[in-house]
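[1] Dropping a prediction and its sequence here:
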Amino acid sequence: MMLVYYGHPFSSYTWKALIALYEKGIDFEYRSVDPAFPQHMPELRAHWPVGQFPLLVHDGVPYFESSIIIEYLDHLAPEPRLIPADFDAALKVRLFDRIFDNHVMGRMQAVVADAIRGPENHVPLIVEQSKAALETVYGWLDKELAGGGWATPHGFTLADCAAAPSLFYADWVHQIPETHENLRGYRARLLAHPSVSRCVEDARPYRAYFPLGAPDRD
């Protein structure tokens, strides 16, 4: 089988599906869409004109959106499973996937987008609301993760693939309070996990891209 994966080493959603590829040990060709490789973005757009990444191409068939890519990888290489076969377990995993994408990653990206727009187009209300929303979801997650371990009781799953990049970057945008020991501990466990730490290290050369300035703590 021929798997080609388009993404950027510094991209949070690229990480999400890349973690799943690493977890499963699947062979694939990684085509970075960094400007250093100008031929790759036109290839991506030929499959998905919107131009968003990540994008997985398997024997010429494209799959996009990170959660869908991971669903497909579970079909392609069932072990280790990232979405449990049991309905109730799968529902919980998918719920946490959406929470991390929408309520952590989405809020973080709103702050980053505001910084990219530049001082002349800064919208303070967006930043304030996004950071307040992060503060709220941090508190909720801290309670949900009180048992330690991974996001759900079902091992390392899709939920953790989503959590790793979202919490990595969200903490840069609005640091997780020290009082949230459960959430901070979970983030630390994620960053120490081999498939995640590999993404962190591969992205390190691109930290100058972060518009708010990358902190030294990770």
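    Okay, I see it.
[2] so is the closest residue in space to F210 that isn't next to it in sequence in a helix, a strand, or just coil?
    Leaving out its chain neighbours, the residue that sits closest to F210 by CB to CB, 6 or more residues apart in numbering is W172, at 6.9 Å. Quick note: C-beta positions are derived from backbone N, CA and C, even for glycine. Under DSSP: H, G, I helix; E, B strand; the rest coil, the three-state class of W172 is helix.
[3] Just give the number of residues close to the closest residue to A77 other than its chain neighbours.
    The spatial neighbour of A77 that comes closest, neighbours along the chain excluded (CB to CB, 6+ apart), is K24 at 4.6 Å. K24: 19 surrounding residues under other CB atoms under 10 Å.
[4] With the one 3 residues further on instead?
    When neighbours are defined as other CB under 10 Å, D27 has 8 of them.
[5] R207 too?
    14.
[6] correct me, but it touches A214?
    Yes: between R207 and A214 there is a contact under CB atoms under 8 Å: 4.0 Å.
[7] Could you pull up the residues touching K24?
    For K24, the contacting residues are L73, A77, E79, P80, L82, by CB atoms under 8 Å, 6 or more residues apart in numbering.
[8] contacting residues around stretch 77-97?
    Applying CB under 8 Å, 6+ apart, the contact partners of stretch 77-97 are 20, 23-26, 67, 70-71, 73-74, 151-152, 154-159, 161-163.
[9] mind listing the strands for the protein?
    For the chain, applying DSSP state E gives strands covering 3-7, 29-32, 55-58, 61-64.
[10] okay, the ones you listed in TSV with mean neighbour count, distance to D97 and mean pLDDT next?
    Below are the strands of the chain laid out as TSV (neighbours: other CB atoms under 10 Å; distance: least, CB to CB, whole Å; pLDDT from 0 to 100):
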stretch	mean neighbour count	distance to D97	mean pLDDT
strand 3-7	22	18	98
strand 29-32	16	23	98
strand 55-58	23	17	97
strand 61-64	16	16	96
